[in-house]
Structure formats: structure tokens, C-alpha cells
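K.L.:
here is a sequence with its predicted model. Questions after.
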Amino acid sequence: MTRLACNPERLALLARRLNIAQAEISLQLRLAEIGDLAMPEIRSLLQRAISLLESQEERARRILNSSFLNLSDSYSLIFNSSAYLLNRWVTHHPGWWSDATHGKTTEIDILIAKVAGNPLEAGRLIDSTSFLAPLIYGCNDTEVVRKLWLSATDPRTTSVTTAGQRITRLVEEVFGDQEWREGIAPTWVDIHKQLTTRRQIRDLLGEVVAPWQLQFTGLASEWSWSAETGIHYLKKIADAENAAMAFSQGLGSALYRNLSDLPDDSSDRLHRIDSIAFAVGASTELLRNAKVRQADMDSDHLSTLLTIPALLPLKLPWPTSLLIGKSKSHVVNLFDKTPEVRVTSAIQMLQHRSALASIAYTAVFNSALTSGRIDQVNDRPSPDVQLELQHTVDLIDNPTARGQALADLTDENY
């Protein structure tokens, strides 16, 4: 059996058959006790067979758990094979990550593709891997990586705690030091493909994090980390334009999901509403800042491009060089969209918060209806519920914050 540990599919199949045989013999033992076979010798043989099968199944289970880092009892053949072969491939191929930059299907592509579409198996594969980088950078086809992570973090099939464990590991791996790259010759890597992959991974982070973005700020305690750490990562992810767009599109559904199931205790309920409102404020403000930073980066990039001719050894006279410099500044200012983006992004933030306030109102109302604090949909809420609903709306679409933002916009226009 130990030899079968090198073949996870056969070992998992053996464990399953042992379990089936054990159940069949147990059935025969019960029949022997009530039928014509109620003989001590037969009963003793059947009990010995069951004990033997139990010990063999336990041994197979122990080897499986050792080989595959404490997997569950389901003995999924596809998952066991992928987990074992993935770990073995990475161990024996230190250049695994550079293979993914050369435009060909890799061994990791094939292994991950087997489980990527199944939320349960995709999650188990991620949880069982102590070295997470292959599940992020090891595939030539980043669509496989996308399917794997979205399956394993889908809020419809993943608990808050489990999603937190997977997503925090993901962002820490992407933005960490990535020491596994050291010692790999740069000539092995297609730089263009590597840059493309990096951009696609940043976009993927936006899709994965979007449904859980409130857990990065106001609800950070649910993931046992600080809001400062969460905002740090959220800001890094939002620097990618597509990721920021995913945040914006996913904020409404994240808000509704987290407000739809509120605590029964009134104090705890208000505390959760306050925390969620803080998270919404952080996300919308972060999205606004990301748009302004992107405009600043575009302007700096244009300025750099226009500076190149002035740095060439053209030996132009000083008046001509000065004229080129002034022309460059004029063109940069002409195409600089930062002031306009600063205004439009602030207006969009206010509009976004107003729409989110309506979503929050509906979610809190439905929570009160579900918990029995409102009897019928058409009933007028009690004063306590009305106060709670108004409190929720005011926190998200705060008149004071709205007035301050509009005042700031007015100052910038003058």
C-alpha cells in the first residue's frame, strides 16, 4: 500500500473500495444475526473481516492525508491526482514559473484545469498548497487561474472565514517579495509575456476581491486583520484600472449581502451598520483617488515622452531649446486631464453613494422583514425600524460629506 502512495488515483480508489466492502460485510453481518446464518463461526469471521477492512482503510487514509496535506475524506480522484502531481512538479522543476511565459501549455495548466471549475475541489487545492505562487503564476493560460480563484472564493459557495483565509494569502503572495524568483536566469523569461501576466493577475485580483471588499476595511475584524492592512492592499489592487472597475461594479452586491443578515440585538445591529457604512465610504473614496492617480500617471507618462526629443544631442541653440521646452509644457497642460478627472470623479462618487444608500435601505428593510420586526411588506415600519433605516441612509449618503465635497469642487473651479 505504501507503494501506492506514489499513485494517488489508485490509492484513492483502493480506499473507496475498502469502504464499500466494509459496508457490504456489515450488512451481511446484520443479516446473519437474524437469519439462517446465525452461527458463531460465521459471525466471528465477518467481524474479523470488518476489522481488517477498517484497519486497511485507516492506513490508506493516513497515507492520503500525509501525501496531500490533510485532505478530506471524499477521496476525489481528480483532486488527489492534481494536488500530488502539482506539488511534485514544482519540487522537481525550479523553473516552473518561467515555463508559463513562453506561450505553451504547461504541466500546471493541465493540473489546475482539472479542478478549476469546481468550487469545492478548487478551494481544497488552494488550502492544501503551502507554496501558493504556482496557483497564481504557474499557468500560461491565465483564464485557468481566473476560474480557479473565482470558484474558490465565490460568496455563494464560500463562507466568510474560508474566503478570508484564501484571499489574504492571495494578496500577500502577489504583493510580497516573491523570493522564489531569485536565482532564475532572466534569459529564461519572456519579459513581454511576464508583464502581460502581471497585468492580468492584477485584474483578476479586482474580480476576486470585489465581492469581499468590505472585509478589507470596515469588516476587517471578520478576517482577523486590521483595516489599515486591508486598505493598503485595496489601494494597490485599485491602481489597476480594470480592478478598480470591478470594485465599483461589485460594491452594491457586497453591501446588500452584508446588510441583509443583521444581528438580533439592536446594539450589535447598529454597530454592524456603522462598520459597513465606514467600509462603503472607504471604498468609494479609494475609487475616486484611484481615478485621480491614474490621470496623474497618464500626464507624467506624456510629459516623459515629450521630454525625450529635448534630451537628444541635436545641438540646437538655446532659444530654440527654450521654445521646445515651452511647447512641451503647453502640450502637457493641454492634454492633462487630472483637474477634470478630479471634479468628475468626485461627482461620480457622490452619485455612487446615493445609489448605494438606496441599496442599503432595501437590505436593512428586508432584514427587518425576515427577522419579524416588520410584519408585512406594505406595513409602516415601527419608529425604531424607521430610525434604523434613516440612520443607515445618512451614514452612507452623508449630507455633511456631500456638502464638503461640493464646496471643495467649487473652490477648485475658482
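P.N.:
Happy to help now that I have it.

K.L.:
next helix or strand past the helix or strand of the chain with the lowest mean pLDDT?
P.N.:
Using mean pLDDT, DSSP states H and E, the weakest-scoring helix or strand in the chain turns out to be helix 318-335, at a mean of 49. The element immediately downstream of helix 318-335 (helix or strand, assigned by DSSP states H and E) is helix 338-370.

K.L.:
so for that next one, what's the average pLDDT?
P.N.:
In this model, helix 338-370 has a mean pLDDT of 82.

K.L.:
what does the helix or strand following that helix contact?
P.N.:
Downstream of helix 338-370, the next assigned helix or strand under DSSP H and E is helix 383-396. Contacts with helix 383-396, where a contact means CB atoms under 8 Å, 6 or more residues apart in numbering, come from 259, 266, 269-270, 273-274, 277, 280-281, 353, 356-357, 360-361, 364-365, 368, 373-374, 381. Any C-beta I mention is one placed from the backbone N, CA and C, and that applies to glycine too.

K.L.:
cool, stretch 239-255 as well?
P.N.:
199, 202-203, 205-207, 209-214, 234, 237-238, 276, 280, 283-284, 286-287, 290-291, 293-294, 352, 355-356, 359-360, 363.

K.L.:
any quick ChimeraX command for the buried ones out of the residues you listed?
P.N.:
Listed next is the ChimeraX selection for buried residues among the contacts of stretch 239-255, using 16 or more other CB atoms under 10 Å:
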select :202,203,205,206,207,209,210,211,212,213,214,234,237,238,276,280,283,284,286,287,290,291,293,294,352,356,359,360,363
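
K.L.:
name the SS class of G218, please.
P.N.:
coil (DSSP: H, G, I helix; E, B strand; the rest coil).

K.L.:
show me which of the contacts of helix 383-396 are buried.
P.N.:
Here, 16+ other CB under 10 Å leaves 259, 269-270, 273, 277, 280-281, 353, 356-357, 360-361, 364-365, 368, 373-374, 381 buried among the contacts of helix 383-396.

K.L.:
and the chain, what are its domains?
P.N.:
With domains defined by automatic domain parsing, the chain comprises 3-67, 77-259, 289-413.

K.L.:
for L356, give me its contacts.
P.N.:
L356 neighbours (CB under 8 Å, 6+ apart): L251, G252, L255, V280, T284, I396, D397.

K.L.:
switch the cut-off to 7 Å
P.N.:
By CB atoms under 7 Å, 6 or more residues apart in numbering, the contact set of L356 is L251, G252, L255, V280, I396.

K.L.:
the third one - how many residues pack around it?
P.N.:
Look at L255: counted by other CB atoms under 10 Å, it has 23 neighbours.

K.L.:
ok, now how distant is it from W149?
P.N.:
Remark: distance between L255 and W149 (CB to CB, to the nearest Å) = 22 Å.

K.L.:
same question, the second one
P.N.:
The gap separating G252 from W149 is 22 Å, by CB to CB.

K.L.:
again, but for the first one
P.N.:
For L251, the distance to W149 under the criterion CB to CB works out to 19 Å.

K.L.:
isn't I237 right up against A210?
P.N.:
No. I237 is beyond contact range of A210, at 9.4 Å (criterion: CB atoms under 7 Å).

K.L.:
quick one: the helices in the stretch 1-150 of the chain?
P.N.:
Under the criterion DSSP state H, counting those that start in this stretch, helices of the stretch 1-150 of the chain are mapped to 8-34, 40-67, 77-92, 96-99, 107-113, 119-128, 134-137, 142-152.
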